[in-house]
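# Test case, fold it:
(2 chains)
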Amino acid sequence: MTTYTPETLTRPLPVPTPLTRPFWDALAERKIRIQYSPSLGEYVFYPRPLAPRTLADDLEWREISGAGTLYTYTVATRPPAAHFASAGEMILAIVQWDEGPKFSTEIINADPEQLKIGMRVRPVFCDHPEGDITMLRYEPETNS
Amino acid sequence: MGLRGEAAILGYCELPPQRKLTREPSFNLEQWARLSKAALDDAGLSATDVNGVITPLIGEADMFVPSTVTEYLGIDANFAEIVDLGGAGSAAGIWRAAAAVELGLCDAVLVTFPGTHHFPMDDRKPFVMDDKMHFGASSNAFGSPQAEFEIPYGNLGQNGPYGQIAKRYGYEFGYDERAMAKIAVDQRTNACATPEAVFHGQPITVADVLNSPMIADPLHMLEIVMPCQGGAAVVVGNADLARKSKNRPVWITGFGERVPYKTPTYARDLMTSPMVHAAEQAFSMAGITRSEVDMVSIYDCYSITVLMSLEDAGFAEKGKGMDFVANHDLTFRGDFPMNTAGGQLSFGQAGVAGGMHHVIDGARQIMGRADAAQVADCHRAFVSGNGGIMSEQTALILQGD
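Below is the predicted model:
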């Protein structure tokens, strides 16, 4: 059987679009900026042109603290794709920001044993110069 | 609102799943033809009775799939649909077929889901391992929310997100890993009465499940489906054809479906699955109660899917599903027969055809063709479909006369 695969599989990095660019630009400045719909009265994530559910055309960018709680997680003992083969055990997590929306991320700088759903977590800004991008990961707030 | 129960499953074909293919490799289109012919033979109907097709995505075409299929089989279709709802696609295809029959568009509709992924190979047409193969159900296309906000964090595939759901369930309602293991154990008992099952002859215990490797905490390997090679087809026809068919007709009397999101991160309430709405609509349409169902076939890619579907379909109280599982015998001879041919966990999951396993499980029981695994006096079945990460869900009610 003949298969063609790229020579090396590296971890995929986010590529901003014109619409999502403000979120990524903020991360590079160590800030977290997401959308808010005044008519919906809710923060919105991920970035969209119109508010979900109402399709209201009033989304505006607002800075949030980025603090939140661990909504759920799992310890992935096997790489989710070949691109993550060198990543080792990954803690795949959903963090709920204090402002409401949930964010798909990884927990780093933590022993899985110390994790508890509902615990406070704080942002870790991770620069990836090879992709000209800053990713947002999380760690327990109790880390010194 | 809804179906009048005037369309029925009249025949089916389900290939015995294989972990390593010993059948000849063939293209999805070739499988489409052969599976359909076998289902028509099973029903005692002719290809000329068919004027509708429902297909999933296939390997040989990215676009114009329904017309590619009708041309290949030589069917003048009045209704030709592609259903892209993953593991919910089979159940979703069945109600769409029933709707087409009841509207008078079609006399008979083939709902055929090829499930063998070993194709003939030629160096001049190399198989390209692209993003679609690497990232499975997540799109890595530029502009895709999954490419931008999920894949880079490893949030892709199935194991991780289902592990996250199970973890959250434990936080909200408590977690009894022995009850979760019992789901797999009871289904294996059913597979051991089903010669076509991939794990026929290999009984397991709760300890076996709990001692199997942890894949995505808290889910163990034996709580996760085994990908297999296979395929399935079902013929749905009208009352006239039902009278000509060889089998007891299995009427489709109710359905429900809900498709609210792609990725569980964005569920408004992750603990309330789309099945709540789908099942409620299905039962309401059929006009029967949960207790009137003689068997259930619940989509079981993971043990947690079964648990939450039992709760959200209304068979078990929310948050008490583990007690329900622990206190009921889920085998074909038990007080709550479920996934009586082994489910996908023990029968095998033939790709997107895995969803059809549950449709055929229900039809086989109502037709009285389950042999050693037959549920006594079985006339009503509840069938669930589940696609994505509990993000696309379909429910069916099937009934004998």
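# near chain A, which residues of the stretch 1-150 of chain B?
Listed as neighbours of chain A in the stretch 1-150 of chain B under the rule CB under 8 Å from any CB of the partner chain: B:121, B:123, B:126-129, B:134-135, B:140, B:142-143, B:145, B:147-150. C-beta: built from backbone N, CA, C; applies to glycine.
# check which helix or strand covers the residue of chain B found nearest chain A.
Residue of chain B nearest chain A, by CB to the nearest CB: residue B:163 (3.1 Å). Assessed by DSSP states H and E, residue B:163 sits inside helix B:159-173.
# What is that helix packed up against?
Applying 3 or more CB pairs under 8 Å, 6 or more residues apart in numbering or on different chains; DSSP states H and E, one finds that helix B:159-173 makes contact with strand A:68-76, strand A:90-97, strand B:214-216, strand B:219-220, helix B:303-312.
# what about the longest one and chain A, any contact?
Same thing as helix B:303-312. No - contact between helix B:303-312 and chain A is absent, the nearest approach being 11.0 Å (criterion: CB under 8 Å from any CB).
# Quick check: which of the helices and strands packed on helix B:159-173 is nearest to residue B:30?
Between residue B:30 and the helices and strands packed on helix B:159-173, the tightest spacing by CB to CB is seen for helix B:303-312, at 31.3 Å.
# List the contacts of the nearest residue to residue B:15 once chain neighbours are set aside.
Setting aside the residues directly before and after it, residue B:15 is nearest to residue B:230 in space (CB to CB, 6 or more residues apart in numbering or on different chains), at 4.4 Å. By CB atoms under 8 Å, 6 or more residues apart in numbering or on different chains, the contact set of residue B:230 is B:14-18, B:115-116, B:348, B:350-351, B:353.
# who wins for most neighbours among the residues you listed?
For these, counting by other CB atoms under 10 Å in any protein chain shown, the largest number of neighbours falls to residue B:353: 31 neighbours.
# Run through the residues that contact that one.
Counted by CB under 8 Å, 6+ apart, residue B:353 has contacts B:90, B:113-115, B:230-232.
# 10 Å instead?
Residues in contact with residue B:353 (CB atoms under 10 Å, 6 or more residues apart in numbering or on different chains) are B:14-15, B:17, B:31, B:35, B:56, B:87, B:89-90, B:112-116, B:228-233, B:344, B:360.
# Checking my notes, it in a helix, right?
Yes - Residue B:353 forms part of a helix when assessed by DSSP: H, G, I helix; E, B strand; the rest coil.
# Count the residues that sit near the residue in chain A that chain B sits nearest to.
Chain A approaches chain B most closely through residue A:74 (3.1 Å), counting by CB to the nearest CB. Neighbourhood size, residue A:74 [other CB under 10 Å]: 27.
# now the closest residue in space to it that isn't next to it in sequence: how far from residue B:132?
Excluding the flanking residues, the one nearest residue A:74 by CB to CB, 6+ apart is residue B:163, at 3.1 Å. Using CB to CB, to the nearest Å, we find residue B:163 at a distance of 23 Å from residue B:132.
# I'd guessed residue B:175 sits against residue B:303; true?
No - with contact defined as CB atoms under 10 Å, residue B:175 does not reach residue B:303; the gap is 11.2 Å.
# Pull up the overlap in contacts between the two.
In contact with both residue B:175 and residue B:303: B:166, B:218, using CB under 10 Å, 6+ apart.
# Tell me which of these two has more neighbours.
Taking neighbours as other CB under 10 Å, residue B:175 and residue B:303 compare with residue B:303 leading, 27 against 16.
# a markdown table please, covering the helices and strands packed on helix B:159-173 and showing mean pLDDT and distance to residue B:39.
As requested, the helices and strands packed on helix B:159-173 are exported to a markdown table (pLDDT from 0 to 100; distance: least, CB to CB, whole Å):
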| stretch | mean pLDDT | distance to residue B:39 |
| --- | --- | --- |
| strand A:68-76 | 96 | 39 |
| strand A:90-97 | 97 | 40 |
| strand B:214-216 | 92 | 35 |
| strand B:219-220 | 96 | 34 |
| helix B:303-312 | 98 | 26 |
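# which residues of chain B score low on pLDDT?
Applying pLDDT under 70 to chain B flags no residue at all.
# Would you double-check that residue B:179 falls in a helix?
Yes - with three-state DSSP as the criterion, residue B:179 is part of a helix.
# element containing residue B:133?
Applying DSSP H and E, one finds residue B:133 within helix B:131-135.
# quick one: contacts of that helix?
Here helix B:131-135 has contacts from A:3, A:5-6, A:9, A:12, A:80-83, B:62, B:127, B:138-141, B:144, B:146-147, B:150-151, B:156-157, using CB under 10 Å, 6+ apart.
# Among those, name the ones in helices.
In helices, defined here by DSSP state H, the members of those are B:146-147.
# what are the ranges of the helices in chain A?
A:21-28.
# tell me the centre residue of it?
residue A:105 (4.1 Å; CA atoms, centre = their mean).
# what's that one in contact with, if anything?
Counting by CB under 10 Å, 6+ apart, residue A:105 has contacts A:68, A:70, A:73, A:91-95, A:121, A:123-124, A:135-138, B:149-150, B:152-155, B:265.
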